[in-house]
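A.B. asks: turn this into a model:
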Amino acid sequence: MAFVYQLIYVSSTFLAFVLGALVFFRRRDQTVVRLFAGFIATGICWVITLYFFYFFTEPALLLLTGRLNFLFSELTAFFALAFVYHFPKTTFRLPRWTFYASISVTAVLCLVTLLTDLVDENEVIQGVSRVTEFGRAYPLFMAYLGLVIAALVCILVRKYRELKDEARAQLLMVAGGLLVGFLFAIVTNVLIPWRTGNYETQHYGPLSLLFFCLLMGYAVARHELLDIKVLATELFVFCLLLLTVINNVVSVTPIGQVISAGTLVVGAIFGALLIREVHRDARQTEDLRVLSERLAQTNVHLKEMDVTKTEFISIASHQLRTPVSVIKGYLSLLQEGAYGKLSETVLEKIDQMYAANERLVHLINNILNMSRIEQSRLEFRCSDADLRTIIADVSDEMKFKVKDKGLILECDLPPVGTAKIYTDAEKIHEILANLTDNAIKYTEKGSVRIAGRVVQEGGEDWVVLEVSDTGLGISEEGRKRLFERFYRVDAPGSARQTGTGLGLFICKKFAESLGGKIVVTRSEPGVGTTFEVRLPVKSTGQCAPSENK
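C.D. replies: Numbering: from 1, shown residues only. Reported below is the predicted structural model:
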């Protein structure tokens, strides 16, 4: 046999044995590892029987070796299919009957191959070559290999769709090695000899196992495949130390023995340090993997809880609006005297109840708007709007709050007909109501002013709405976080700490959705604060015409 052929046989067998041993002794208790070891073992037996097939000259022994070669090729295919089904994890379950059917078919085919002449009828020696006389059931052998490859492809495709990230990369490595290896082995050892009678190509068949082992080795280094890095390091250190011991034994000079002994000591020390570091790295990697999986599961759970929370808040807010609206209606009727004239004391209490109910309406609207923003379900109803009307309505709503605190509410309306805009009037109303409510809340004495005007900047017309007060003002730190969700200005007094901290966040979202913005133009402690809302007169944002979006 040519030297290159012997090199192929020896290298493929050695690498396969090392890889199989590393995997098996590292995780022998796992099903996927035992199946992988079975695949490697039958593959090695296939290469060995093929090797000795070209050394035996006794006809009976040659025939037995040839049939064993066929048998181990069938077993290799079976273990490869079982390994792929479990690697890197079982993502789906096949019916139990398929498991028993595959074992039964493989067992029957192996018995037929070994004990009858239906697959391998005879082996003929022609010089240094061997010629196989195929039996009548040889097409069944070919069909078996074809079905195994088809099943492998189906399993690999389905798993590729279900797996993600690192597991998918590992699957691709194994899939490439198996499919290329199988196809190469079938072509060189089955199809070419069967169709052409050229058996010389069979010597290249073991390259399929060699290629698979090299690809698996790369996968081990690149993708932590089957977790054998630690054992591989230990084996590497052991081999180096063994070579050093052998060198020390065969050394014939005292100097050589001293050098070898010193090398052995140094190698043992550094080898121990290397193994310790690899062990530490492996533990850290495993800990990080476990933490990553737990974080991923927790993140999914939190997202589910967040969705459930948002849906609950949305439903609860909708349900609360109805009774609150009914209460508001009856309180309005009482204020107007629809049920008879009431005393000043009773009317004062009703006004307080009305103001408290308005705060509740405001709170419910904020929570409902927040849930819609989180779910991206904000609805915009755009139409021609007059900002004079919007400002007047907000002023009318706030009169009881202003009266209750003894403040003055001023309205500086734009000239009639100058503040027309195509927008969502309800959203603008909510922005002004939120800003005005905050201004009243943080003002102990003085006034609150709502103003509107139209300005021109950069060749475009803008509607400017201002809400200013003479209240506590906002610190520089507070201004940086003012429009954050759930942030409330830190001010003394429990009354000023009420609320959800959603109002300004919602105002900002509304203004930006309508193509505008909201900013603080003035804020001085003890002097007051001014908020400015700018909206384009020309329709933009959610209210832009469809052809402009």
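
A.B. asks: what is the neighbour count of Gln30?
C.D. replies: By other C-beta atoms under 10 Å, 15 other residues sit near Gln30. Where you see a C-beta, it was placed from the backbone N, CA and C, and this is true even at glycine.

A.B. asks: now swap in Arg67 and tell me
C.D. replies: Arg67 sits with 23 neighbouring residues when counted by other C-beta under 10 Å.

A.B. asks: just the one 10 residues further on next, same as before
C.D. replies: Counted with other C-beta under 10 Å, the burial measure for Ala77 works out to 26 neighbours.

A.B. asks: hang on, it packs against Val148?
C.D. replies: Yes. Contact criterion C-beta atoms under 8 Å: Ala77 and Val148 qualify, at 4.3 Å.

A.B. asks: touching both of these two, which residues are there?
C.D. replies: Counting by C-beta atoms under 8 Å, 6 or more residues apart in numbering, the residues touching both Ala77 and Val148 are Phe182.

A.B. asks: now Val533: how far from Thr443?
C.D. replies: Counting by C-beta to C-beta, to the nearest Å, the separation of Val533 from Thr443 is 19 Å.

A.B. asks: equivalent analysis for Gly473, please.
C.D. replies: Taking C-beta to C-beta as the measure, Gly473 falls 10 Å from Thr443.

A.B. asks: hey, what's in contact with both of those two?
C.D. replies: Common neighbours of Gly473 and Thr443 (criterion: C-beta under 8 Å, 6+ apart): Gly528.

A.B. asks: those helices in the stretch 51-200 of the chain, which residues are they?
C.D. replies: 59-86, 96-115, 138-162, 165-186, 192-196 (DSSP state H, counting those that start in this stretch).

A.B. asks: neighbours of Leu333, just the number please.
C.D. replies: For Leu333, the neighbour count with other C-beta under 10 Å is 11.

A.B. asks: which non-adjacent residue is nearest it?
C.D. replies: Spatially, and ignoring its direct neighbours in sequence, Leu333 is nearest to Tyr339 (6.5 Å; C-beta to C-beta, 6 or more residues apart in numbering).

A.B. asks: repeat that for Ile518.
C.D. replies: Closest to Ile518 by C-beta to C-beta, 6+ apart is Ala511, at 4.5 Å.

A.B. asks: for the one you found, give its distance to Trp46.
C.D. replies: Counting by C-beta to C-beta, the gap from Ala511 to Trp46 is 74 Å.

A.B. asks: which one of those two is surrounded by more residues?
C.D. replies: Of the pair Ala511 and Trp46, Trp46 is the one with more neighbours under other C-beta under 10 Å, namely 26 against 22.

A.B. asks: just confirm Val454 is within a strand.
C.D. replies: Yes. Under DSSP: H, G, I helix; E, B strand; the rest coil, Val454 sits within a strand.

A.B. asks: quick one, what contacts it?
C.D. replies: Shown in contact with Val454 (C-beta under 8 Å, 6+ apart): Pro414, Thr418, Ala419, Asp461, Trp462, Val463, Val464, Val537.

A.B. asks: can I get those in a markdown table with pLDDT?
C.D. replies: Shown next, in a markdown table, are those (pLDDT from 0 to 100):
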| residue | pLDDT |
| --- | --- |
| Pro414 | 81 |
| Thr418 | 70 |
| Ala419 | 71 |
| Asp461 | 82 |
| Trp462 | 86 |
| Val463 | 87 |
| Val464 | 89 |
| Val537 | 80 |
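
A.B. asks: show me the shaky parts of the stretch 151-300 of the chain.
C.D. replies: 213-253, 255-257, 259-260, 263-264, 267, 271, 274-275, 278-279, 282, 286 (pLDDT under 70).

A.B. asks: show me where it has strands.
C.D. replies: With DSSP state E, counting those that start in this stretch, there are no strands along the stretch 151-300 of the chain.

A.B. asks: relative to Leu432, how far out is the residue nearest to Ile518?
C.D. replies: Per C-beta to C-beta, Ala511 is found 11 Å from Leu432.

A.B. asks: hey, what's in contact with both of those two?
C.D. replies: Listed as contacting both Ala511 and Leu432 by C-beta under 8 Å, 6+ apart are Val533.

A.B. asks: what's the longest helix in this protein?
C.D. replies: For the chain, the helix with the greatest residue count under DSSP state H is helix 254-335.

A.B. asks: roughly how far is the helix or strand that it is followed by from the heart of the chain?
C.D. replies: Downstream of helix 254-335, the next assigned helix or strand under DSSP states H and E is helix 344-374. When C-alpha coordinates are averaged (C-alpha atoms, centre = their mean, to the nearest Å), helix 344-374 and its chain have centres 43 Å apart.

A.B. asks: and helix 344-374 with helix 254-335, angle?
C.D. replies: Here the directions of helix 344-374 and helix 254-335 differ by 140 degrees (axes from the mean of the first three to the mean of the last three C-alpha atoms, to 10 degrees).

A.B. asks: helix 344-374 packs against which elements?
C.D. replies: When contacts are defined as 3 or more C-beta pairs under 8 Å, 6 or more residues apart in numbering; DSSP states H and E, helix 344-374 packs onto helix 254-335, helix 387-405, helix 425-441, helix 503-513.

A.B. asks: residue contacts, the closest residue to Val361 other than its chain neighbours?
C.D. replies: In space, and not counting its chain neighbours, Val361 is closest to Val324: 5.5 Å by C-beta to C-beta, 6+ apart. Shown in contact with Val324 (C-beta under 8 Å, 6+ apart): Asn357, Leu360, Val361, Ile364.

A.B. asks: isn't the residue nearest to Leu333 up against Leu331?
C.D. replies: No. Tyr339 is not in contact with Leu331 according to C-beta under 8 Å; the separation is 11.1 Å.

A.B. asks: higher neighbour count, those two?
C.D. replies: Neighbours were counted for Tyr339 and for Leu331 using other C-beta under 10 Å; Leu331 has more, 18 against 9.

A.B. asks: check contacts around that one.
C.D. replies: Applying C-beta under 8 Å, 6+ apart, the residues near Leu331 are Ile350, Met353, Tyr354, Asn357.

A.B. asks: check the first one and give its pLDDT.
C.D. replies: Residue-level confidence at Ile350 comes out at 86, pLDDT.

A.B. asks: how much space between it and Asn438?
C.D. replies: For Ile350, the distance to Asn438 equals 25 Å [C-beta to C-beta].

A.B. asks: one more: the third one?
C.D. replies: When distances are taken as C-beta to C-beta, Tyr354 and Asn438 turn out to be 20 Å apart.

A.B. asks: which one's more surrounded, those two?
C.D. replies: Between Tyr354 and Asn438, counted using other C-beta under 10 Å, the more crowded position is Asn438 (23 against 18).

A.B. asks: surely the more buried one and Gly501 touch.
C.D. replies: No. With contact defined as C-beta under 8 Å, Asn438 does not reach Gly501; the gap is 10.7 Å.

A.B. asks: can you tell me what sits against stretch 111-120?
C.D. replies: Identification of contacts with stretch 111-120 by C-beta under 8 Å, 6+ apart yields 63, 66-68, 70-71, 74, 109, 132-138, 140-141.

A.B. asks: buried set for that stretch?
C.D. replies: The neighbour-count check on stretch 111-120 (16 or more other C-beta atoms under 10 Å) flags Val112, Thr113, Asp117, Leu118, Val119, Asp120 as buried.

A.B. asks: alpha carbons of that stretch, as PDB, please.
C.D. replies: Provided in PDB are the C-alpha atoms of stretch 111-120 (Å, rounded to 0.1, in the frame of the first residue of the first chain):
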ATOM      1  CA  LEU A 111     -27.500  -9.300  10.000                       C
ATOM      2  CA  VAL A 112     -28.300  -9.700   6.300                       C
ATOM      3  CA  THR A 113     -25.000  -7.900   5.400                       C
ATOM      4  CA  LEU A 114     -22.900 -10.100   7.800                       C
ATOM      5  CA  LEU A 115     -24.500 -13.500   7.400                       C
ATOM      6  CA  THR A 116     -25.700 -13.600   3.800                       C
ATOM      7  CA  ASP A 117     -24.400 -12.900   0.400                       C
ATOM      8  CA  LEU A 118     -27.300 -10.600  -0.500                       C
ATOM      9  CA  VAL A 119     -25.200  -7.400  -0.100                       C
ATOM     10  CA  ASP A 120     -21.600  -8.600  -0.400                       C
END
